[in-house]
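Visitor: dropping the sequence and predicted coords here.
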Amino acid sequence: MQVLHCRPGRRISTIVFLLVLTSYPVLEGLYALQIGLLVLFLLAASIFALQRGLLLLSGILMALTTIKPQITVLAILFLLIWSAHDLRRRGRFWVGLFVTGFALVASSLLVWPHWIQSWIHLLRAYREYNPPPLLGLLLNGVLGSAASAISAVLSACLLIAAILLAWRNRSAEGDSLDFTLTLSLLLNLTVIIVLPGQAIYDHAILLPGIFLIASQWRTLLSTPTRKVLLLIGGAALLWPWLAAFLLIVARPWMTPTQFYSNLVFALPLRTAVAFPFLVLALLAAVARRTRLVPL
């Protein structure tokens, strides 16, 4: 919240903390002991240090996020482009990132000399048994056999757009709206085109985008379309808590078979697929409104 310059009062902050801790992505991550939650903390800490001029520490913390590299791959790409734009002032980020990365690889090779080959083999097998990213998962349900090719093309287009966005905003200051908005957009695209579609616990990286939209909501009231999009996004965000509450209330009047059926028990997750796309649309609207991307 401090990275995004969101400083609500104590009451609002308490409500936000409770909602985050009881959100489905965080609860599922805690239940599954997902190390991705640690990665998200390290990511936030890295940007926090970066904004305060501690670029060496920022690079070190960002290197530690590579314990689960798929979460921060696009963010790291942006930060490398950003720091390369002014190596004299920002070069310490490169030093922290690559020295720490080298130390991690070297020390792990001492413990397990063949882990890189095993990891590459596992990555190849991972694609065979694991569901595709969210975009592919969504298209599979709509287009069937043609989904794979279309998903690959769309993902490539979105990846190119991400690289162009990172390049366009390489000169932004670390504490500027352009910088945090670019980072939030890239994390959102990570959910859509990189991370497995069923990994709802990884949706916690949408949190920066959600906070940023909340802090810029007035910019989304300029047109009726954006107002409707903001309303739908807010409803999709709050739906899991509302649905879970309704299920708790209705539980005494339902049989176990009814309660644990996919139709009923998965009710709080019905917006999980659509929500990242809604966040992306709202972030794009903010970006256009603030001239972050061309009209």
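Guide: Perfect, I can see it now.

Visitor: pLDDT below threshold where in the stretch 1-150 of the chain?
Guide: For the stretch 1-150 of the chain, applying pLDDT under 70 flags the ranges 127, 129, 141-147.

Visitor: where does residue 23 fall, phi/psi-wise?
Guide: phi -70, psi 150 (degrees, to the nearest 10).

Visitor: which residues touch the strand or helix carrying residue 62?
Guide: Per DSSP states H and E: residue 62 is located in helix 55-64. The contact list for helix 55-64 (Cβ atoms under 8 Å, 6 or more residues apart in numbering) reads 42-43, 45-47, 49-50, 72, 75-76, 79, 83, 90-101, 104. Using the backbone N, CA and C atoms, a C-beta is placed for each residue, glycine as well.

Visitor: so which of the residues you listed sit within helices?
Guide: 42-43, 45-47, 49-50, 72, 75-76, 79, 83, 90-101, 104 (DSSP state H).

Visitor: drop anything exposed from those residues.
Guide: Among these, the ones that count as buried by 16 or more other Cβ atoms under 10 Å are 42-43, 45-47, 49-50, 72, 75-76, 79, 83, 90, 92-94, 96-97, 100-101.

Visitor: for the host helix or strand of residue 242, which positions count as buried?
Guide: Assessed by DSSP H and E, residue 242 sits inside helix 224-250. For helix 224-250, the neighbour count (16+ other Cβ under 10 Å) marks 226, 229, 230, 232, 233, 234, 236, 237, 239, 240, 243 as buried.

Visitor: reformat those residues as TSV; add pLDDT.
Guide: Shown next, in TSV, are the buried residues of helix 224-250 (pLDDT from 0 to 100):
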residue	pLDDT
226	85
229	89
230	90
232	92
233	91
234	91
236	93
237	92
239	93
240	93
243	92
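
Visitor: show the average pLDDT along stretch 189-205.
Guide: Summarised as a single mean, pLDDT over stretch 189-205 is 88.

Visitor: before we move on, what about stretch 158-177?
Guide: Stretch 158-177 comes out at a mean pLDDT of 89.

Visitor: let the chain start at 595 from now.
Guide: Sure thing, new numbering starts at 595, so read that last one as stretch 752-771.

Visitor: now it, how far from the centre of its chain.
Guide: 16 Å (Cα atoms, centre = their mean, to the nearest Å).

Visitor: ramachandran coordinates for the residue at minimal distance from the centre of the chain?
Guide: Nearest to the geometric centre of the chain sits residue 799, at 3.0 Å (Cα atoms, centre = their mean). Per-residue torsions, residue 799: phi -80, psi 0 (degrees, to the nearest 10).

Visitor: and what of residue 727?
Guide: Residue torsions, per degrees, to the nearest 10, at residue 727 are phi -60, psi 170.

Visitor: do residue 866 as well
Guide: Per-residue torsions, residue 866: phi -60, psi -40 (degrees, to the nearest 10).

Visitor: would you confirm that it contacts residue 794?
Guide: Yes. Residue 866 lies in contact with residue 794 (Cβ atoms under 8 Å); the separation is 5.4 Å.

Visitor: mutual contacts of the two, please.
Guide: Common neighbours of residue 866 and residue 794 (Cβ under 8 Å, 6+ apart) are residue 618.

Visitor: between those two, which has more neighbouring residues?
Guide: The neighbour count for residue 866 versus residue 794, taken as other Cβ atoms under 10 Å, is higher for residue 794 (23 against 19).

Visitor: how close does that one get to residue 623?
Guide: To residue 623, residue 794 is 9 Å away according to Cβ to Cβ, to the nearest Å.

Visitor: same thing with residue 724?
Guide: Residue 724 sits 17 Å away from residue 623, going by Cβ to Cβ.

Visitor: out of these two, which sits in the busier spot?
Guide: A direct count of neighbours by other Cβ under 10 Å for residue 724 and residue 623 places residue 623 higher, at 22 against 12.

Visitor: once you drop chain neighbours, what's closest to the more buried one?
Guide: Of all residues not flanking residue 623 in the chain, residue 795 sits nearest, at 3.6 Å (Cβ to Cβ, 6 or more residues apart in numbering).

Visitor: which parts of the stretch 645-794 of the chain are helices?
Guide: Along the stretch 645-794 of the chain, counting by DSSP state H, counting those that start in this stretch, helices occupy 649-658, 663-678, 681-705, 709-723, 728-737, 741-762, 771-787.

Visitor: closest one to residue 846 among those?
Guide: For the helices of the stretch 645-794 of the chain, the distance to residue 846 is smallest for helix 728-737, at 33.8 Å, taking Cβ to Cβ.
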